[in-house]
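Trainee: Structure for the following, please:
(chains A and B)
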Protein chains: 2
Amino acid sequence: MGVDDDSAGATVREHRDTTALDLRSGTSVPAGGGVQHTAQIDASAVPPPPAAHESTLPRTVEQHLDEILAAVPQPDPIELAVLDAQGLLCAEEVVSKRALPAYDQSALDGYAARSDDVAAATLEAPVRLAVVGETAAGAAGPSSIGPGLAQKVAAGALLPGGADVVVPAVWTDRGVVTVTVHAAVGPGDYVRRAGDDVAAGTPAVAVGTPIGPAQISLLAAVGRERVLVRPRPRVGILSGGGELVDIASDPAPGQAVDVNSYALAAAARDAGADAYRSGIVPADARRLSEVLESQTLRSDLILISGTFADEGDMVREALAGLGDVRFRPVTMYPGTVQAFGRIGHNQVPVIVVPGEPVAALVAFEVFVRPAIRLMLGKRQLFRRTVQAIAAQPVYSPLGYRQYLHGQVMRHPDGGYVVEPLGDGDEAMLARMARANCLIVVDEDVTEVSAGGLVTVMPLLLGG
Amino acid sequence: MGVDDDSAGATVREHRDTTALDLRSGTSVPAGGGVQHTAQIDASAVPPPPAAHESTLPRTVEQHLDEILAAVPQPDPIELAVLDAQGLLCAEEVVSKRALPAYDQSALDGYAARSDDVAAATLEAPVRLAVVGETAAGAAGPSSIGPGLAQKVAAGALLPGGADVVVPAVWTDRGVVTVTVHAAVGPGDYVRRAGDDVAAGTPAVAVGTPIGPAQISLLAAVGRERVLVRPRPRVGILSGGGELVDIASDPAPGQAVDVNSYALAAAARDAGADAYRSGIVPADARRLSEVLESQTLRSDLILISGTFADEGDMVREALAGLGDVRFRPVTMYPGTVQAFGRIGHNQVPVIVVPGEPVAALVAFEVFVRPAIRLMLGKRQLFRRTVQAIAAQPVYSPLGYRQYLHGQVMRHPDGGYVVEPLGDGDEAMLARMARANCLIVVDEDVTEVSAGGLVTVMPLLLGG
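Mentor: This next block holds a predicted model:
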């Protein structure tokens, strides 16, 4: 299911230094030895959903996603040159002013003739015709043929008057002065009639059609240099957090490099957006408000990463000053706090994802990618999921939907096998970079034994 | 298998106005009525592979493809800013100068403590510790704790000296002056040790890794602003043919709009190339040679579409003056003549595909896309194929590999069903634009009955 072929030959028995993590204790459980770890989760030891200390009740992934999807605007269609429209959805019904083909023409290289003359030709009783000329594709001059005559024609060449059939060259002796036809050809054979493909005045490309090479070919053929499309949403991307330093700096103890503005910009582009990286938010409150306000003028969506304190945080306060952005506990792991709202005169949507890089990209997958696809007009907002056999036990906190990175591969006997990578720790970037999927464990599941089925979301680039 | 979900619910019984074509006669055979058309192909009526009139023997699709893949160069790696590297393959082993994480830190919001103090905590017998301070992520100052003490820490915050464990806040009463711990936490739990993810001096990203958001996240974390990658090949695209007029012109009878330079540019971009549209080749021989020569200086691959005459054609002559480009019959339909060679001092590869727009995009899929992916360094050169049930009979000339556009959809009982679209006529752009796959019929197969299995190549954008 869209999983990279490279993994197709791998087997479960292939050794990989993967450990499963017991979420109760945080200690790693050595995998393998054929022993299926089947310990029961002690429900009292599982962290309950955060609630009391947050100003709002925890919400589910679906509730948070629904709020976002209900609120993101659909940017107005724009007209683009056809090549720039690639990958976008057509936002108009493109009616062809021309017929396609524009005129009756030969469908292949051969001889234009009259069907009456060649209807009885066979290998044993061939028909001979006099060749009265040749029409290359592109040649225009009027010509016509009468009984017993043929005209050599290239594929796409204008059909001469009087001809109603083209004899493929391969069924003839390819004569120059006369041509011998070895096989019968019926009326209309190998002739393209004007309008066969698209009649003048009829729709060629419908609203909502994804524009790829074939649609660009058709748009060019009907003479369209420009086309109205659903534009790529402009996504402004900011990283928040007092610990952040620029990628060029060497972080001191306690500091961290801003990786999220890069990773989220890449993810937003991959999802189809025009992403603009603004980098780390200013440390000055007034300057921060200005940056956010200016983003509302040039973005269709503002994406901020940051693990902001509950109270007194500068980013929260700046957002509060510009609109209504609510930070809420969400019953997912990683990413137990997420935020969404709208700011500025234009009520530009703002999605805040966690500051931990792994949690940020998980939240992107779960909330931001579907929002960008909705803004693009796509019908399929979500990645496909498949069921896969867990090669190692998977543990998940009760009441939380857990997203774990993993490597999914085809099983030689059919179906898929997935190996969890690490323990879901939010900061393990190298582990995340080795993953090709997210394992999704529902809220009411605390454990899947090795050999059990889990839901897997392959993370392919593009699409 | 990567087929768009939108079609997942469609069934074979859904009516579609599709006709199957009898390639022997070129007449359409009404589809449906439940009648399976099982007429035998009359081998004598099938066009034999062209041979005598061409200077070279016909070759198979594989032979032509092998020649191209053996000859295309692999452009030298280039260094790009990490965001520009998105979608490309890493061409260096990126060794991290830093450890990731850079220092011992808390894995989540909670209280840093000494494991000896909290190893025995339970809900019934909680442990109380004095809170001696708070460390936010980003705060650097040195701090340490002794027995019976705890320090409030945010996820990612520097672990205070003396602490070897972090108690998740959700397992405590979240106290400010003192904190009550309700569950046991073992040594090292919820602590990220420096280098746990990537040790300093060890490889972070390997040669050949596709660079996506997760890899960009990791590259940023190890401080890389730029990375060496396999570049996008620069593909210069030209349309040849005396019948061609620009997209802005209204074609006169016998003329055709240049659609190929647009469609092939879109297809080349989709395959991962940087495509440059040069439009219609000049009609002047000297100017044509100049244009081709200048393309050899700035292209890694030159792509020309055109159905050129066997002899005396200006494009063939211009190519012959610059290098060795061989036009050869290939046993495929559409596209019975293809060309490949190299021109100029740099021996830049030139692929010539047919001028008919449908045949041009088929030849792109079969020959050009794998070549571009090889130049990108991708391991998977070819699209996946699936087996699908033919909803209509499919006919194919003996000795030719036929490529027919079709619509593939999931069958409600599992597997795939494919409906051929039209009759494989090379000029039917609207039909091609409705397709989501190519049906591939091998050389030795002349007929597949409705209900039989055919090989289908889903044509998805991207990837």
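Trainee: make it CA atoms for all contacts and neighbour counts henceforth
Mentor: OK.
Trainee: how does chain A divide up, domain by domain?
Mentor: A:5-45+A:384-458, A:61-75+A:232-376, A:78-97+A:201-229, A:105-192 (automatic domain parsing).
Trainee: Can you add mean pLDDT, mean neighbour count and distance to chain B and give those back as a markdown table?
Mentor: Shown next, in a markdown table, are the domains of chain A (pLDDT from 0 to 100; neighbours: other Cα atoms under 10 Å in any protein chain shown; distance: least, Cα to the nearest Cα, whole Å):
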| stretch | mean pLDDT | mean neighbour count | distance to chain B |
| --- | --- | --- | --- |
| domain A:5-45+A:384-458 | 71 | 19 | 5 |
| domain A:61-75+A:232-376 | 93 | 21 | 3 |
| domain A:78-97+A:201-229 | 96 | 21 | 5 |
| domain A:105-192 | 89 | 21 | 3 |
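Trainee: Can you redo those as TSV, where the extra columns are distance to residue B:458?
Mentor: Output for the domains of chain A, formatted as TSV (distance: least, Cα to Cα, whole Å):
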stretch	distance to residue B:458
domain A:5-45+A:384-458	15
domain A:61-75+A:232-376	21
domain A:78-97+A:201-229	14
domain A:105-192	26
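Trainee: Run through the strands of the stretch 251-400 of chain A in chain order.
Mentor: Counting by DSSP state E, counting those that start in this stretch, residue ranges of the strands within the stretch 251-400 of chain A are A:256-257, A:274-280, A:301-305, A:323-329, A:332-333, A:337-343, A:348-353, A:386-390, A:394-395.
Trainee: Export those as a markdown table, with columns for distance to residue A:246.
Mentor: Below are the strands of the stretch 251-400 of chain A laid out as a markdown table (distance: least, Cα to Cα, whole Å):
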| stretch | distance to residue A:246 |
| --- | --- |
| strand A:256-257 | 6 |
| strand A:274-280 | 7 |
| strand A:301-305 | 15 |
| strand A:323-329 | 26 |
| strand A:332-333 | 27 |
| strand A:337-343 | 24 |
| strand A:348-353 | 19 |
| strand A:386-390 | 38 |
| strand A:394-395 | 36 |
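Trainee: Tell me which of those lies nearest to residue B:247.
Mentor: Nearest to residue B:247 among the strands of the stretch 251-400 of chain A is strand A:274-280; the distance by Cα to Cα comes to 27.9 Å.
Trainee: what does that closest one rub up against?
Mentor: A:232-241, A:244-246, A:258, A:261-262, A:265-266, A:268-269 (Cα atoms under 8 Å, 6 or more residues apart in numbering or on different chains).
Trainee: Take those and keep only those in helices.
Mentor: Judged by DSSP state H, these include A:261, A:262, A:265, A:266, A:268, A:269 as members of helices.
Trainee: Would you confirm that the first one contacts residue A:238?
Mentor: Yes - with contact taken as Cα atoms under 8 Å, residue A:261 and residue A:238 are classed as touching, separated by 5.9 Å.
Trainee: what residues are shared contacts of the two?
Mentor: By Cα under 8 Å, 6+ apart, the residues touching both residue A:261 and residue A:238 are A:277, A:278, A:279, A:280, A:305.
Trainee: How about the fourth one: what's its closest non-neighbour residue?
Mentor: What it means is residue A:280. The shortest distance from residue A:280 to any non-neighbouring residue, by Cα to Cα, 6 or more residues apart in numbering or on different chains, is to residue A:239 (4.6 Å).
Trainee: quick one: contacts for the nearest residue to residue A:341 once chain neighbours are set aside?
Mentor: With Cα to Cα, 6+ apart as the measure, residue A:325 is the residue that lies nearest to residue A:341, at 3.8 Å, once sequence neighbours are left out. With contacts defined as Cα under 8 Å, 6+ apart, the neighbours of residue A:325 are A:319, A:339, A:340, A:341, A:342, A:343, A:350.
Trainee: Does the second one touch residue A:324 like I think?
Mentor: Going back to what we said before, that points to residue A:339. No - Residue A:339 lies out of contact with residue A:324 (Cα under 8 Å); the separation is 10.3 Å.
Trainee: element containing residue A:249, please.
Mentor: Using DSSP states H and E, residue A:249 falls within no helix or strand.
Trainee: first to last residue in stretch A:89-101, what's the distance?
Mentor: 25 Å (Cα to Cα, to the nearest Å).
Trainee: Now do the helices in chain A.
Mentor: A:61-71, A:115-118, A:213-221, A:260-270, A:285-298, A:314-322, A:357-363, A:369-376, A:429-434.
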